[in-house]
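# Predicted model and sequence below, questions to follow.
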Amino acid sequence: MRTKFLLLTFLALLTITVFPNMAQEPSYTVLLDGLNSPRGVNFSPDGVLYVVEAGNGGATSIPGPFDGPVQFGFSARVSAVVNNERVTLIDYLPSAQVESAPGAPIEVLGAMDVAILQDELWVITGHQLPGVTLTGLAIGYDTVQLRPFQVLDLYGYESENDVDGTGEFLSNPGSIAFMPNSKTALIVDSGANAVYRKAEDGAFTVLHTWDNNPVPTGVDFSDDGTIYALGFLSGYPFVTGAGRVDVYNADTDDLLVSYEGLTTVTDVIIEADGTILAVQYASFDIDRGGWQPNSGSVIAITPDGTITPVLSNLNFPYAIAKHPIDDLYAVSVNAVGELGTGQVITFSLLPPTEG
Amino acid sequence: MRTKLTLMALFALLIGILPSMAQDEVPYEVLVEGLNNPRGVNFSPDGVLYVAEAGIGGDIDFPEGPFGPAMLGFTGRVSAVVDGVSSTVIDYLPSVNPGGAPDAPAEILGTMDIIATDDQLWTVMGHELKGVTLAGTVVGYDRVSLRPFQVLDIYGYEHAADPDGTGELLSNVVGMAVAPDGSNALIVDASGNTLYRTTFNGTFAVVKSWENNPVPTSVAFSPDGTQYAVGFLISFPFPTGASRIELYDAATDELIFTAEGLTAITDVVYGTDGTLLAVSYGEFSGETFSWIPNSGSVIAVSPDGVGTLITGLQFPYGIAQNPVDGSYAVSVNAVSNPGEGQIITFVWGE
């Protein structure tokens, strides 16, 4: 009963004020642990949770997309959660461990997101790596056999067209979201500062680009398909308050509102009432070694712009998803860090019901 | 009709005189060495030789290999050979070591064929491997950027449709040929015993399936595009003389003729003069139940007869003709220890 009371109070306060008291945040449960660099999480229409792990790199040293080599392997994968256990569905996707500064968390480039329709499953394979076929792509799989039927070469498009016009040919596709009841999707390329629209047949076109490197990350549609939201990380040095969430009209692709003053947003979801839940990855402090552990959060942004913390002090959270029926949220945490420490946590924002 | 009759007469004659033919061996040179289980070879229209290497497997335990526990890696690759110098153009393709007989090289499963057009490369990715995205697929790459733009899931189709109706759901896509006019391509699945056609629109359809597991390995179009040839390995225990090549009308997909009495055909190619050449992988010993070393050959079917061009080859696999200078390239040591694979080259015909 006490829990119920606290949660009800919490929800009442959500829309009117920032919640300074950590004790009043909802509790969360660790659903999965032992993951390697978990990134995207998503529920299928029937409520199965899927998680993407960027992996732990591998033993082969190859030239990386940035200066210096990467430790490369095929350790990224896509899993489903069945009876609270992780079951690998798609295995051996490319993964590259980037050389990180001493003491800094281990950063791995690899598969980044998954979206699930009734008969299609799409995987975003993240940062391009020279000569590695399955990087920089959106890959469509059928949900019955989990076999690929289509590849969309986002890296190739960026390298031929320099979509954001920066002269920097970088591609890092990171997120995909389907329009409700449609095979049309939006795909975000963080490195190219671009959002693509994928048509039902797989043809894709540039929808939005930005020339000041805001680094778009997560994307989500509202359940009624009328709006979509985009999260932005901001570019180096990831200044606190320099991230944002933009909301667009899904019919016209016009910008409706921009929620600014956020920090390193990596994913967004839109609630039925228009509230946006966003993941803030971490704060970055160059004087204290860069990314700060346990500085990530999930926040709620109501349509009037009020920002309320939902979960604070998370260690490098990355993505968020909501169960299609139940009031259950899943968030990937320790998305960057020691190998095998990745988790998916779940929480609820509604009070438990009686009986 | 006239062509058909002529060909039938030709083949009837050829098969009859085959045993008595004796001709000088065609000399060859080693063009490339140091390869890891080279399989398919192909020239681009501008004369660059592309080689598909199945690789050397890897160090990942893979309990559910097609024939039991295996070792998985991503050591398959496609190389381009220019002026005798080989460089990797597509790397890190799936490769599985299913083990092998004692003292015999492992029969690595991996990338099996490569097709080069003016602006595209197509990899043919061989045996299905559960959970491995690229295994059992045909992938189209941009020839310049070397980036993938299309995937055809042959493995998935076999498992969904069992086109040869054997009830054995096994796929091993191994060969491909693009029609000279570029309008379509044919793809063979050796384990699926099926020939597919794609018109490059991202889908494919069954042209023909064979019963009795003849194991089609290869397909090639005639230079004018009016015919295509399909080569067959035959299945275990690979009896000498039990394999064949079938010729089809490319417009109707009707069988024109079958050349029988051949052995373990792994590739076919039409020379620019219309001559059909084929690779015979080797002879299989029914006594030792193993492939006999140095028993592979290159054979030719021409208006002058059917004969043997080169004998004594160690497990040759793929053959292609350079459209620029007319020379041929053949992969040898196609099943061998790491680094022992070679490409040999020879000149023959007009």
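Now that the structure is in, tell me what you want to look at. Numbering: from 1, shown residues only, chains lettered A, B, ... in the order given.
# what's the spacing between the closest residue to A:Val81 other than its chain neighbours and chain B?
Among residues not flanking A:Val81 along the chain, A:Leu49 sits closest, at 4.3 Å (C-beta to C-beta, 6 or more residues apart in numbering or on different chains). Where C-beta positions appear, they are placed from N, C-alpha and C, glycine not excepted. Computed with C-beta to the nearest C-beta, to the nearest Å, the distance linking A:Leu49 and chain B is 19 Å.
# Isn't A:Leu49 up against A:Ala330?
Yes. A:Leu49 lies in contact with A:Ala330 (C-beta atoms under 8 Å); the separation is 5.6 Å.
# Between those two, which contacts overlap?
Residues touching both A:Leu49 and A:Ala330 (C-beta atoms under 8 Å, 6 or more residues apart in numbering or on different chains) are A:31, A:41, A:43, A:321, A:323, A:344.
# top of those residues by neighbour count?
A:Val41 (27 neighbours; other C-beta atoms under 10 Å in any protein chain shown).
# do you know how far that one is from A:Gly174?
13 Å (C-beta to C-beta, to the nearest Å).
# next one: A:Thr264
With C-beta to C-beta as the criterion, A:Thr264 and A:Gly174 are 13 Å apart.
# okay, now A:Asp304: neighbour count?
Using other C-beta under 10 Å, A:Asp304 has 10 neighbouring residues.
# Near chain A, which residues of the stretch 101-250 of chain B are found?
For the stretch 101-250 of chain B, the residues in contact with chain A (C-beta under 8 Å from any C-beta of the partner chain) are B:131-134, B:136-137, B:139, B:141-142, B:145-151, B:153, B:155-156, B:159-160, B:202.
# if we go to 6 Å?
Residues of the stretch 101-250 of chain B lying near chain A by C-beta under 6 Å from any C-beta of the partner chain: B:131-133, B:145, B:147-149, B:151, B:153, B:156, B:159.
# Now residue 338. Its backbone dihedrals?
Chain wasn't specified; assuming chain A. The phi/psi pair for A:Glu338 (degrees, to the nearest 10) reads phi -50, psi 140.
# other chain: chain B
Torsion angles, degrees, to the nearest 10, at B:Pro338: phi -50, psi 130.
# contacting residues around it?
B:Pro338 is in contact with B:36, B:56, counting by C-beta atoms under 6 Å, 6 or more residues apart in numbering or on different chains.
# how many other residues sit next to whichever residue of the stretch 151-300 of chain A sits closest to chain B?
Of all residues in the stretch 151-300 of chain A, A:Gly156 sits closest to chain B, at 3.7 Å by C-beta to the nearest C-beta. By the criterion of other C-beta under 10 Å, A:Gly156 has 22 neighbours.
# in a helix, that's where B:His159 is, yeah?
Yes. Assessed by DSSP: H, G, I helix; E, B strand; the rest coil, B:His159 belongs to a helix.
# Just give me the neighbour total for it.
18.
# On the pLDDT front, check it for me.
Here, the pLDDT recorded for B:His159 equals 92.
# cool, A:Asp251 as well?
pLDDT, read off for A:Asp251, is 97.
# just checking, it is part of a strand?
No. Under three-state DSSP, A:Asp251 sits outside any strand and is assigned coil.
# Look up phi and psi at the closest residue to it other than its chain neighbours.
The shortest distance from A:Asp251 to any non-neighbouring residue, by C-beta to C-beta, 6+ apart, is to A:Thr226 (7.2 Å). Main-chain dihedrals, A:Thr226, degrees, to the nearest 10: phi -90, psi -20.
# A:Tyr157 now?
Dihedral angles (degrees, to the nearest 10) for A:Tyr157: phi -70, psi -50.
# what does B:Gln120 give?
Phi and psi for B:Gln120, reported as degrees, to the nearest 10, are phi -130, psi 150.
# Can you give me the distance of it to chain A?
With C-beta to the nearest C-beta as the criterion, B:Gln120 and chain A are 13 Å apart.
# Tell me, what's the model's pLDDT at that residue?
For B:Gln120, the pLDDT comes out at 98.
# what ranges do the strands span in the stretch 51-200 of chain A?
A:60-63, A:69-82, A:85-98, A:107-110, A:113-116, A:120-124, A:137-142, A:148-153, A:173-178, A:185-189, A:194-198 (DSSP state E, counting those that start in this stretch).
# So which bits of the next helix or strand after the last one are buried?
Spelled out, that is strand A:194-198. Counting by DSSP states H and E, the element after strand A:194-198 in chain order, helix or strand, is strand A:204-209. Neighbour-count burial for strand A:204-209 flags A:204, A:206-209 (criterion: 16 or more other C-beta atoms under 10 Å in any protein chain shown).
# cool, and stretch B:97-108?
Residues of stretch B:97-108 classed as buried: B:97-99, B:105-108 (neighbour count, 16+ other C-beta under 10 Å).
# and which of those residues is nearest chain A?
B:Asn97 (15.1 Å).
# three-state assignment of A:Glu260?
Classified using three-state DSSP, A:Glu260 is strand.
# Name the nearest residue to it, ignoring sequence neighbours.
Per C-beta to C-beta, 6+ apart, closest to A:Glu260 is A:Arg244, 4.6 Å.
# again with A:Gln343
A:Asp33 (4.6 Å).
# swap in B:Val174?
In this structure, B:Val174 finds its nearest non-sequential neighbour in B:Met112, 4.2 Å apart by C-beta to C-beta, 6+ apart.
# picking up where we left off before, quick one: which of the residues of the stretch 101-250 of chain B next to chain A is nearest A:Ile62?
B:Arg147 (16.6 Å; C-beta to C-beta).
# which ones are touching residue 315?
Using chain A here. By C-beta under 6 Å, 6+ apart, A:Asn315 lies in contact with A:293-294, A:333-334.
# was after chain B, sorry
B:282, B:296, B:333-335.
# And B:Val301, by the same measure?
Here B:Val301 is in contact with B:Leu276 (C-beta under 6 Å, 6+ apart).
# isn't there a helix covering it?
No. Read with three-state DSSP, B:Val301 is strand and lies in no helix.
# Low-confidence regions, chain A specifically.
Across chain A, the ranges flagged by pLDDT under 70 are A:1-23, A:351-355.
# quick revisit: residue contacts, the residue of the stretch 151-300 of chain A closest to chain B?
Per C-beta under 6 Å, 6+ apart, neighbours of A:Gly156: B:145, B:147.
# go with 7 Å
Listed by C-beta atoms under 7 Å, 6 or more residues apart in numbering or on different chains, the contact set of A:Gly156 reads B:142, B:145, B:147.
# So which of the residues you listed wins on neighbours?
B:Arg147 (22 neighbours).
# what sits against that residue?
A:153, A:155-156, B:141.
# Farthest pair within those residues?
Largest separation among the contacts of B:Arg147 by C-beta to C-beta: A:Tyr155 and B:Tyr141, giving 12.6 Å.
# More neighbours: the two, which one.
Neighbour count, other C-beta under 10 Å: between A:Tyr155 and B:Tyr141, A:Tyr155 has more, with 28 against 24.
# mind listing what the more buried one touches?
A:Tyr155 neighbours (C-beta under 7 Å, 6+ apart): A:128, A:135-136, A:171, B:147.
# residues near the residue nearest to it when sequence neighbours are not counted, how many?
Counting by C-beta to C-beta, 6+ apart, A:Tyr155 lies nearest to A:Gly136, which is 2.7 Å off, once chain neighbours are set aside. A total of 31 residues lie near A:Gly136 under the criterion other C-beta under 10 Å.
# swap in the one 4 residues further on?
By the criterion of other C-beta under 10 Å, A:Gly140 has 22 neighbours.
# Confirm for me that it is in contact with A:Arg147.
No. With contact defined as C-beta atoms under 7 Å, A:Gly140 does not count as touching A:Arg147 (10.0 Å).
# which residues touch B:Ser148?
One thing to correct before we go on: residue B:148 is Pro, not Ser. Applying C-beta under 7 Å, 6+ apart, the residues near B:Pro148 are A:133, A:137, A:151, A:153, B:139-141.
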